[in-house]
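Trainee: this is a predicted model, with the sequence first.
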Amino acid sequence: MNGKQLKNSILQWAIQGKLVPQDPNDEPASVLLDKIRQEKERLIKEKNIKRDKNASIIYRGEDNSYYEKILATGEVKCIDEEIPFEIPKGWEWCRLNDLALYRKGPFGSSLTKSMFVPKNDQSVKVYEQKNAIQKDFRLGDYYISKEKFEAMQSFIVKPNDIIVSCAGTIGETYLLPLDAPVGIINQALMRVTLFDLSMAEYWQMYFAYMLLNEAQMKGAGSAIKNIPPFEYLKAVLVPVPPLSEQTRLVERYNLLLSLIAKYESEADKLNCLNLNIYDKLKKSVLQEAIQGKLVQQIAEEGTAQELLEQIKEEKKQLVKEGKLKKSALNDSVIFRGDDNKYCEKIGKSVQCIDEEIPFEIPENWVWVRLGTIVDFSKSQSLPSSSIKESTWVLDLEDIEKNSGKLLQKKRMKDVLSKSDKHIFYKGNVLYSKLRPYLNKVIIADEDGACTTEILAFDFGYIYNKYAQLFLMSPFFVDYATADSYGIKMPRLGSKRGNSALIPLPPLKEQQRIVAQIEKLFEQLH
């Protein structure tokens, strides 16, 4: 249960009389409602308010059913079906309209920015939604002239009135303190003037419950975008506790709210920790994998050097067929010298690269420059006009960051872009060179075309899933991020991409590593 759910449950217990014990010595709520009716009569006689034709008294009959008597007509009707839950002895039901006067802010054309004036001794404050949301009457810089104020008397708000936010963040209530200036409400507020101010805190608590209940009736996941219509509001049933119990309820509720805030904060930290743990475990697994620590080495599986020889022979054949330049055979060869240091041979040049080697790898593995296997500087391009409508076209936003998953597939007929595309084939590893920290790498499950910000790699004799995992490992992501060029749109350049070191296991071990990672990631979920 999260903090919001816990708060809602406590609110419901409070409204149903289950949050604090009842005290038989409390003056019953019927006395409080009688006082409110007397106050309304006084205001009617003084012509401060009009008589409400729908004013009523709700009571329980001898048959234990609930009845409502309309005071103006004497009409009585059973309202059992309206009663949402049982209330304790000493409590009473009434309509929301019996407790207060309600007024929504003026229509838009009645109060516009052109009517505002600078703050001075003659100006009058315009209360805004943020006053209700942030519970602070001092916020806001809008004022109107005294002449405009006189013309908007029906929207006056004063100390001891409650203002309610009515749009966007709705239902936030604020009882204006005694030092708040008289003003008017704007379009996003509702004014509530209670007949008995002693009920203010309970009324605010119940109003929050009422809006919650309205949201639940609309369906799971729904949100209330506006305060319900006045006619609905006025008819809402309110369970009224004795005044003394209201005080105890509010005190207990406020105490629990402070505890809920702490609970919510700790729950957020726990959720964040859980998310971070998954991310850290995933990164740790990938790092262990490329260091040869995830699965055991098996001598019968041969060595990665044998795999490199296969790649070299394939290149020789491609040179012979004219598909590669002869210079492609001048690849880097990384080996361990007699002094146990790592050296790199390019052509006839030999250089010690011990300082570049980031970690130790098993004896049957080898270090290779990424450019020995694939080429960051070469991609097959095609104009958009030459791409068939049915062709899969991949863009950066189609790839989920950090997961290696495809979010969506689009066809050329659905794409508006007219720029050139890189061509890729089924089984290619597709790597986003733009913002490498987003870690967007997938394997193509069919032929297609992609934005030129994505590079298509054919890893040949190397297992494409192992290549994908390496490109997504913390080691390579950190390397690519640190060596990117460009501030706003950082990219991994061809030279730095080809220079990256990749730890290469034998092919069968690559396959076992991938199988183990997939198994572990499934368990992490």
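Mentor: On my side now, so go ahead. Numbers count the residues shown, from 1 in each chain.

Trainee: Val126 in helix, strand or coil?
Mentor: What DSSP: H, G, I helix; E, B strand; the rest coil gives for Val126 is strand.

Trainee: tally of neighbours for it?
Mentor: By other C-beta atoms under 10 Å, the residues close to Val126 number 25. All C-beta atoms are positioned from the backbone trio N, CA, C, and that covers glycine.

Trainee: the one 4 residues further on now?
Mentor: Around Lys130 there are 15 other residues, counting by other C-beta under 10 Å.

Trainee: what about it, which helix or strand?
Mentor: Secondary structure assignment for Lys130, by DSSP states H and E: helix 129-133.

Trainee: and whichever helix or strand comes after that helix, which strands flank it?
Mentor: Downstream of helix 129-133, the first helix or strand assigned by DSSP H and E is strand 143-144. Strand pairing for strand 143-144, determined by DSSP bridges: strand 124-127 (antiparallel).

Trainee: my guess is Lys345 contacts Arg336. True?
Mentor: No - assessed by C-beta atoms under 8 Å, Lys345 is found out of contact with Arg336, at 12.0 Å.

Trainee: which residue packs closest to Asp179, ignoring adjacent ones?
Mentor: Pro159 (7.4 Å; C-beta to C-beta, 6 or more residues apart in numbering).

Trainee: then stretch 400-413 to CSV, C-alphas only?
Mentor: Taking Å, rounded to 0.1, in the frame of the first residue of the first chain, the C-alpha atoms of stretch 400-413 are listed here in CSV:
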residue,chain,number,x,y,z
GLU,A,400,14.1,1.6,-25.6
LYS,A,401,17.1,2.9,-23.7
ASN,A,402,19.2,0.5,-21.6
SER,A,403,17.1,-2.6,-22.4
GLY,A,404,17.9,-3.7,-25.9
LYS,A,405,14.2,-3.8,-26.8
LEU,A,406,12.3,-2.4,-29.7
LEU,A,407,9.4,-0.2,-28.8
GLN,A,408,7.7,0.0,-32.2
LYS,A,409,8.0,-0.8,-35.8
LYS,A,410,7.2,1.7,-38.6
ARG,A,411,7.1,1.1,-42.3
MET,A,412,8.4,3.5,-45.0
LYS,A,413,4.9,4.4,-46.0
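
Trainee: in this protein, where is pLDDT below threshold?
Mentor: 212-226, 326-330, 525 (pLDDT under 70).

Trainee: where do the helices sit along it?
Mentor: For the chain, applying DSSP state H gives helices covering 3-15, 29-45, 129-133, 146-151, 200-218, 230-235, 243-290, 304-320, 370-373, 464-471, 474-482, 494-499, 507-524.

Trainee: minimum distance to Lys433: which of those helices has it?
Mentor: Smallest distance to Lys433 across these (C-beta to C-beta): 7.2 Å, for helix 494-499.

Trainee: what does that closest one contact?
Mentor: Defining contact as C-beta atoms under 8 Å, 6 or more residues apart in numbering, one finds that helix 494-499 is touched by 369-371, 375-377, 433, 455, 480, 483-484.

Trainee: now with 10 Å, please.
Mentor: With contact meaning C-beta atoms under 10 Å, 6 or more residues apart in numbering, helix 494-499 is reached by 332, 356, 369-379, 431, 433, 436, 455, 457, 476, 479-480, 482-485, 491, 493.

Trainee: how far out from the middle of the chain is that helix?
Mentor: Distance of helix 494-499 from the chain centroid (C-alpha atoms, centre = their mean, to the nearest Å) equals 37 Å.

Trainee: what do you get for stretch 422-433?
Mentor: Centre-to-centre, stretch 422-433 and its host chain are 31 Å apart (C-alpha atoms, centre = their mean).

Trainee: for it, output the C-alpha coordinates as PDB.
Mentor: The C-alpha trace of stretch 422-433 is given here as PDB (Å, rounded to 0.1, in the frame of the first residue of the first chain):
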ATOM      1  CA  HIS A 422      21.500   3.300 -43.600                       C
ATOM      2  CA  ILE A 423      20.600  -0.200 -44.800                       C
ATOM      3  CA  PHE A 424      20.700  -3.200 -42.500                       C
ATOM      4  CA  TYR A 425      20.000  -6.900 -42.700                       C
ATOM      5  CA  LYS A 426      18.500  -9.500 -40.400                       C
ATOM      6  CA  GLY A 427      20.900 -10.400 -37.700                       C
ATOM      7  CA  ASN A 428      22.800  -7.100 -37.800                       C
ATOM      8  CA  VAL A 429      23.600  -5.400 -34.500                       C
ATOM      9  CA  LEU A 430      22.100  -1.900 -34.700                       C
ATOM     10  CA  TYR A 431      24.000   0.700 -32.500                       C
ATOM     11  CA  SER A 432      23.000   4.300 -31.800                       C
ATOM     12  CA  LYS A 433      26.100   6.500 -32.000                       C
END
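
Trainee: and the helix holding Lys130, what does it pack onto?
Mentor: Applying 3 or more C-beta pairs under 10 Å, 6 or more residues apart in numbering; DSSP states H and E, one finds that helix 129-133 makes contact with strand 162-165, strand 173-175, strand 183-185, strand 189-194.

Trainee: okay, those in JSON lines with mean neighbour count and distance to Lys418 next?
Mentor: Shown next, in JSON lines, are the helices and strands packed on helix 129-133 (neighbours: other C-beta atoms under 10 Å; distance: least, C-beta to C-beta, whole Å):
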{"stretch": "strand 162-165", "mean neighbour count": "24", "distance to Lys418": "47"}
{"stretch": "strand 173-175", "mean neighbour count": "20", "distance to Lys418": "55"}
{"stretch": "strand 183-185", "mean neighbour count": "26", "distance to Lys418": "53"}
{"stretch": "strand 189-194", "mean neighbour count": "22", "distance to Lys418": "51"}
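
Trainee: so which of those strands comes closest to Leu324?
Mentor: Closest to Leu324 of those is strand 162-165 (C-beta to C-beta; 69.2 Å).

Trainee: direction included, what does that closest one pair against?
Mentor: When pairing is defined by DSSP bridges, strand 162-165 lines up against strand 173-175 (antiparallel), strand 189-194 (antiparallel).

Trainee: turn those strands into TSV, columns for distance to Lys262.
Mentor: Formatted as TSV, those follow (distance: least, C-beta to C-beta, whole Å):
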stretch	distance to Lys262
strand 173-175	23
strand 189-194	30
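
Trainee: with respect to Phe116, which of those lies nearest?
Mentor: Minimum separation from Phe116 across those (C-beta to C-beta) falls at strand 189-194, 15.9 Å.

Trainee: so the closest one versus helix 29-45, what angle?
Mentor: On the basis of axes from the mean of the first three to the mean of the last three C-alpha atoms, to 10 degrees, strand 189-194 is oriented at 110 degrees to helix 29-45.

Trainee: can you pull out the strands in the stretch 301-450 of the chain?
Mentor: Listed in chain order, the strands of the stretch 301-450 of the chain (DSSP state E, counting those that start in this stretch) span 333-336, 342-346, 349-352, 366-369, 381-382, 392-394, 410-411, 421-424, 429-432, 441-443, 448-450.

Trainee: now do the same contact list for Glu86.
Mentor: Contact analysis of Glu86 by C-beta under 10 Å, 6+ apart lists 16-17, 239.

Trainee: now swap in Ala55 and tell me
Mentor: Counting by C-beta under 10 Å, 6+ apart, Ala55 touches 37, 40, 69-72, 94-95, 97-98.

Trainee: again with Cys352
Mentor: Counting by C-beta under 10 Å, 6+ apart, Cys352 has contacts 337, 339, 341-344.

Trainee: what of Asp23?
Mentor: 90, 242, 244-245, 248.

Trainee: at 7 Å instead, please
Mentor: Going by C-beta atoms under 7 Å, 6 or more residues apart in numbering, Asp23 touches 244-245.

Trainee: now do the one 5 residues further on
Mentor: In this structure, Pro28 makes contact with 90, 242, judged by C-beta under 7 Å, 6+ apart.

Trainee: again, only this time at 8 Å
Mentor: Here Pro28 is in contact with 90, 92, 242 (criterion: C-beta under 8 Å, 6+ apart).
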